[in-house]
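Novice: Let me see the structure of the following:
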Amino acid sequence: MQHSRRDFLKAAGITVGAVAGAGLPGPADASAQAVERLTDYSSHTADGRSVTVTSTSGQQVRVTAYGGHIVRVRAIRSGEAFFPDDRYEMVDPANHAGMGGTLAVRDDGSALTMTTAPADGIELTLQKNPLRLAFLRREDGALLTGEDLTHSMSWGDAAESIVRQSFVPPGADEHFCKGGHGLYGRAPRVDRTGETVSHNYPLRGGHGDQAPAIVPLYLSSHGYAIFFNTTFDTTFSFGDGGVHEFWADGHEAPGVRPQLDYFVIKGPQFARLLDRYTQLTGRPRLPQLGFFGLQLSDKNYPGVSDQAWWTEKITAMRNAGFPLDVQVHDNRWRAGSGAWSGSWFEFSAERWPDPAGFKRWADENGILTTLDYNRNNSNEMAGWVGGPPPGFSFRAADVAAVDNSDAVPDWSNPATRAWVWNVFWTKALNPALGFPGDALWIDEPDEMGPIPYGALTADGRRWSELRNAYFLYLHKGVGQEGWDPAAPGHIGAARRPWTFSRGGTAGQQRYGHLWTGDIESTYGEMRDQIRGMLNAGLGGFPYANIDGGGFHGGLISGPLYRNWVAAWSSLSPIWRPHSEGDTATLGPRASRWPIDQDAAERDEFLRYGKLRYTMLPYIYTIAHAAHATGMPMARAMVVDHQDNPMAYSHDLQYLWGPSIIVMPVTSDADGTTQNVWLPAGHTWYDFWSDARTAGSDTTERSCVTRTGEIIMYVRAGAILPRYKYAQSTRFLDRTHLEMDVYSGEDGSFDVYEDDGVTEQFAVSGAAAVTRLAFTHSALRVVIAHPAGTYRGAPAERRYVVRIHGLSSPVGMRVDGHPPLGACTSETAAVLQGSGQVWDAARKLLSVVTPLIPVETGGGTAVTVEPSGKPYPSPSAVTVHGAEDAALSGVALATRHPGYTGSGYADYSNASGDFVEWSVTVPAAGSYTLAFRYANGGTSDRPLTIAVNGAVVDAGKSFPVTGAWQNWQTTSLTTHLPGGAVRIRAAASGSSGGNIDCLSVGPASLG
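Specialist: Residues are numbered from 1 along each chain as shown. Prediction:
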């Protein structure tokens, strides 16, 4: 092996700077050992976009504009040639020419001054004797960073294949954030100032080191970012020992040595830096809407999870009221052993006898399917050819130390990439098969660390140069070359991929994503993963994908389940609980499934399930923004507050989109305190209580923790759009759009929607954006018609506006019409057609509009504002949803749209099944009971209606409504006593149907 002691120290997490204290060269020492620096100016050429400077010793420096706010810097020694642009595909290859740009040059004798075109672009000065670069803001000449006599470009000698860029020491006020993260997705901090950081491919094989996000990018609080365009190992010093530099190391492998090649990106805002970085390297691939729902795996049931098990388990989730969108297969679906080894990518005829039948069932039940591929079984898969080309692997001697050395794909080989896609296509993804398969989980591509640095790869490079690109080539094969082409044997724009591997490389985000591997189930791990999530977002990977609750843990405590699996995971980009605990030996609670947990955990999980699924318009909008601009879904506080020192010290909290601060609870104990920073200049609402707090940049808000209640604050002026709760994204009712408006400031939010499945949003612009705007002084909400449309967009829509922060109710109107009537609940207002509701306990005013036809050309859809009249007395009719009732033999379901509240009662058609409401009747008398129901069958489905156990109608008719989504009302009038009353609707035979709600009102109103 060619690994040095330095390599293993890095792998162990000991930075080079720390090693210096042990007698090994640190960054400054290593820089001093460089034997070659740039000499004096000899000549230069320019072509309008690039300037190439030659030194007196034959070295060359080339500066190229990429648009108006990015410049590329390259340097080579005498006798070398610049690498071609496509050598490293971290930069989207099309952008080398496609981004364009101009670079003007002026020679004043002692220096060259180069400027990009925009007035707020980049200015570079290149001093001639010796050649030294500086980067400045064009608008005011302020220095971003640069070189001086002792800090410059340099190269190692013939025995040391290191190339380095050293800048002047950073100022005391400059902070640095490193994109990506280390092994297992962990990050000790967001602010890496004063540290030396290396994020490279793991060195150890097997399961020892996993899942780095290799992103040679950093962001400076001074408003610039550096992206090091090399796949050799990189290291960055952010002021460690006063040193500001980065270097690439070829580890003295034969063949080419690293070249200095980096991009300087100007913001100045972090959001602009991320936007421009992902423009350069590729926009993050937007997953289907369903992948932002709940994902659960069968890992905890390795001995029993077959087709029947999955059907039963999903049905149990639905019957218990829980959401679920994605089944994640772990091994057992595969032919062969159905275990980690000895199985291959193909449905098992024994355990999955009818995958096409399951696919039809899954479509009806709103379920997507993720299929797993384990690298170690590659040689078991159809068509595998071992060895180097024409085989799909490396020389046997080069992979001898790799676990499962007979199954090591070389993803730099186009033939290897074509082979794996052909397996995926022919065994699962070809629509002609009718099999389940919407996503690919690619496991263990991070185990090739023992390959020698000098090993030759299929594309002619050495492993020292390929290894950091290994993930990228894999995803290129599955995404760009496999999934995307609009040709036979591919999927094209009909469906978006969700592909994730254990580890990732910069640029991979344009094809697929990553997850953080087999992490621990501890609060310390949880804290590392929170920071890792934020750093991944700072490196172009905005869809953080983490084993919720940790992988290694077996049985975890109830509080950890509630705080991590339920709370934090539901408020992170991807909600995918997963662990190795085997329920056969540890019992059902080893599972991550909520239906296997105790009552407290089940209740907490359902609470967060309802929160996430109702908030999907907000979540999907910020997911699309991540795709469109590189803005992370969960963004470190530094993204919005890079000039505020508080942002750098508060990295266990984050902004969930533009309006919500989230801080997970990271301890078991109730009653402890966690301090959250609420930035000054805004009032912040406690999400759970609506209590208001003024932001401050000098003091923190001390929060007393409660197990399972994640700390959340919403900014005044925020508008949070919502849908009604549904148990699958496929069941979401887009004809009903709700919004929570937090008064105190003006605000707006643009809701993004598309079909959630295809690439037509990108191919043809098939999407809609609906502007929601709030004016605080007028207490006015204006909702626009959507700009644009898409397949499946609603033709009409009802809006529910909830205004938080009022001290007393205000009479409201819609579109200048007469004042709205008051109702006892939002559901009552929906049934009435429109209305307003005052919740005195929550100080919350709700306005329900009529159904409004949707126009797609923009303009105002509806205006909600004060009527100028007092808030009226509410109607005496009370409405009680199915979710408020006791259910026996009846499931709370959401499949058929048009229900009110959070679901409807779905009878199983067994005699004795019932729904029972407990209502409060103000006084004894004659009342009308109105049942809103649907009967999509072919005959009447009568129910027995009882009051306090006494039958009042033994065969109340519930006639056919024509379809399950057609809701009607059937009523009866009866005497009710005053006080607490139980009203039951029971199946008297094999009959039933779906009941949405019960309305109770005086007979005179019926």
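Novice: In the stretch 601-750 of the chain, mark out all the helices, start to finish.
Specialist: 616-629, 637-640, 645-649 (DSSP state H, counting those that start in this stretch).
Novice: Please apply the same query to the stretch 801-950 of the chain.
Specialist: 826-832.
Novice: which stretches of it have low pLDDT?
Specialist: By pLDDT under 70, the stretch 801-950 of the chain contains no weakly predicted segment.
Novice: Tell me which stretches of it form strands.
Specialist: Here the stretch 801-950 of the chain has its strands, by DSSP state E, counting those that start in this stretch, at 812-814, 835-839, 844-848, 852-853, 860-866, 878-881, 886-888, 890-893, 904-907, 914-921, 925-934, 943-947, 950-956.
Novice: Would you mind finding the most buried of those?
Specialist: strand 904-907 (a mean of 26; mean count of other CB atoms under 10 Å). Bear in mind the C-beta positions are built from the backbone N, C-alpha and C, glycine included.
Novice: From Arg722, how far off is the nearest residue to Arg562 once chain neighbours are set aside?
Specialist: Distances taken as CB to CB, 6 or more residues apart in numbering place Gly708 nearest to Arg562, at 3.5 Å, with adjacent residues excluded. Distance of Gly708 to Arg722, given as CB to CB, to the nearest Å: 21 Å.
Novice: what does Arg285 give?
Specialist: Distance from Arg285 to Arg722, by CB to CB: 26 Å.
Novice: cool, and Pro170?
Specialist: 44 Å.
Novice: Helix or strand with the lowest mean pLDDT in this protein?
Specialist: Least confident element among the helices and strands of the chain, by mean pLDDT, DSSP states H and E: helix 16-20 (a mean of 29).
Novice: how much space between Leu555 and Thr698?
Specialist: Applying CB to CB to Leu555 and Thr698 gives a distance of 43 Å.
Novice: go on, Gly282?
Specialist: 41 Å.
Novice: Could you do Ser154 as well?
Specialist: Ser154 is 44 Å from Thr698, by CB to CB.
Novice: Next: Phe358.
Specialist: 58 Å.
Novice: cool, and Gly391?
Specialist: In this view, Gly391 and Thr698 are 64 Å apart by CB to CB.
Novice: More neighbours: the two, which one.
Specialist: More crowded of Gly391 and Thr698, by other CB atoms under 10 Å: Gly391, with 17 against 6.
Novice: ok, now which ones touch that one?
Specialist: The contact partners of Gly391, taken as CB atoms under 8 Å, 6 or more residues apart in numbering, are Val385.
Novice: Helix, strand, or coil at it?
Specialist: When classified by DSSP: H, G, I helix; E, B strand; the rest coil, Gly391 comes out as coil.
Novice: Please renumber the chain so that the first residue is 795 from this point on.
Specialist: All set: I'll call the first residue 795, so the last point we hit is now Gly1185.
Novice: Tell me where the model's unsure across the protein.
Specialist: In the predicted model, the chain carries pLDDT under 70 at residues 795-828, 1784, 1799-1800.
Novice: re earlier: would you turn the helices of the stretch 1395-1544 of the chain into TSV with distance to Val1745 and mean neighbour count?
Specialist: Listed next are these as TSV, based on distance: least, CB to CB, whole Å; neighbours: other CB atoms under 10 Å:
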stretch	distance to Val1745	mean neighbour count
helix 1410-1423	42	22
helix 1431-1434	61	22
helix 1439-1443	65	18
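Novice: a markdown table for those helices, including distance to Tyr1355?
Specialist: Shown next, in a markdown table, are these (distance: least, CB to CB, whole Å):
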| stretch | distance to Tyr1355 |
| --- | --- |
| helix 1410-1423 | 22 |
| helix 1431-1434 | 27 |
| helix 1439-1443 | 29 |
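Novice: Which of these sits closest to Arg1726?
Specialist: helix 1410-1423 (24.6 Å; CB to CB).
Novice: Residues touching that closest one, excluding its own?
Specialist: 1065, 1068-1069, 1072, 1077-1081, 1083, 1086-1087, 1336-1337, 1367, 1406, 1425-1427, 1450-1452, 1514-1517, 1523, 1526, 1531, 1543-1548, 1550.
Novice: same question, stretch 894-901
Specialist: Residues contacting stretch 894-901 (CB under 8 Å, 6+ apart): 838, 840, 842-845, 857-862, 864-865, 906-911.
Novice: nearest spatial neighbour of Leu930, skipping sequence neighbours?
Specialist: Glu917 (4.4 Å).
Novice: Now that neighbour: phi and psi?
Specialist: Dihedral angles of Glu917 (phi, psi; degrees, to the nearest 10) stand at phi -120, psi 140.
Novice: how much space between it and Asp934?
Specialist: Glu917 is 10 Å from Asp934, by CB to CB.
Novice: Tell me which of these two has more neighbours.
Specialist: Legend: neighbour count by other CB under 10 Å for Glu917 and Asp934, higher for Glu917 (22 against 8).
Novice: Spit out the contact partners of that one.
Specialist: 907-910, 929-932, 935.
Novice: beta partners for it?
Specialist: Thr909, Leu930 (DSSP bridges).
Novice: Pretty sure Thr1379 sits in a strand.
Specialist: No. Using three-state DSSP, the secondary structure at Thr1379 is helix, not a strand.
Novice: Tell me how many other residues surround it.
Specialist: 9.
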